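[1] Give me a model of this one.
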Amino acid sequence: MKDKTTAGLIALLLGGIGGHKFYLGDTGTGVMYLIFSWTFIPGIIAFFEAIGFFMMDTQKFNQKYNQSALSGSGARQQLPKGHPGRGNQPDESPQQMGQNVTVNLEGNQGSNTDIADQLKKLHNLKEAGALSDEEFEQQKRKLLSD
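    So this is what the prediction gives:
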């Protein structure tokens, strides 16, 4: 997992040759920095990028550069509660969340805020791949008809 402080330090020390870009997995841009390093323009850009890394919120950095490490390829990495990279990561898998939302929707006769929360949960499940488009639409119709 990549660290924003490390990225900032690499950008300060080796940014002129694209070190931070290679570290963050952006090899195409890293090669461009390396090719144009003789102009000192990549060094100037890297200086400002380093400042940006140091000022960036950890959660925003993780969303941008550690997305594959946080979501995993098929398997979810469970980070401890309170970990800055955790965000709002639930304790259960998307499939378990889908089952829970379905159960919650069946008995939902609540207020508009409950419906909005349930719609947000459904959307998150769809984005996580736990629900197909048809399942999402079916659950949404069911929720809105209650």
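[2] Just to check, Tyr33 is in contact with Ala46?
    Yes: between Tyr33 and Ala46 there is a contact under C-beta atoms under 8 Å: 7.2 Å. To be clear about C-beta, it is placed using only N, CA and C from the backbone, and glycine gets the same treatment.
[3] what's the overlap in contacts for the two?
    Listed as contacting both Tyr33 and Ala46 by C-beta atoms under 8 Å, 6 or more residues apart in numbering are Gly15, Gly16, Gly18.
[4] tell me which of the residues you listed is nearest to Thr29?
    Gly18 (6.8 Å; C-beta to C-beta).
[5] Let me see the domain layout of this protein.
    In the domain annotation for the chain, the residue ranges read 4-71, 94-145 (automatic domain parsing).
[6] any idea how far Phe61 is from Ser68?
    14 Å (C-beta to C-beta, to the nearest Å).
[7] So which helix or strand of this protein has the lowest pLDDT on average?
    helix 94-106 (a mean of 50; mean pLDDT, DSSP states H and E).
[8] tell me what the helix or strand containing Glu127 is packed against?
    Take DSSP states H and E as the rule and Glu127 turns out to sit in helix 112-128. Helices and strands touching helix 112-128, by 3 or more C-beta pairs under 8 Å, 6 or more residues apart in numbering; DSSP states H and E, are helix 94-106, helix 133-145.
[9] these two touch, right, Leu119 and Leu143?
    Yes: Leu119 lies in contact with Leu143 (C-beta under 8 Å); the separation is 6.6 Å.
[10] With neighbour numbers in mind, choose between the two.
    Leu143 (19 against 16; other C-beta atoms under 10 Å).
[11] Quick check: that one touching Asp117?
    No: counting by C-beta under 8 Å, Asp117 is not a contact partner of Leu143; they are 10.4 Å apart.
[12] related to what we said a few turns ago, return the most buried member of the domains of the chain.
    Between the domains of the chain, domain 4-71 has the highest mean count of neighbours, a mean of 17, where neighbours are mean count of other C-beta atoms under 10 Å.
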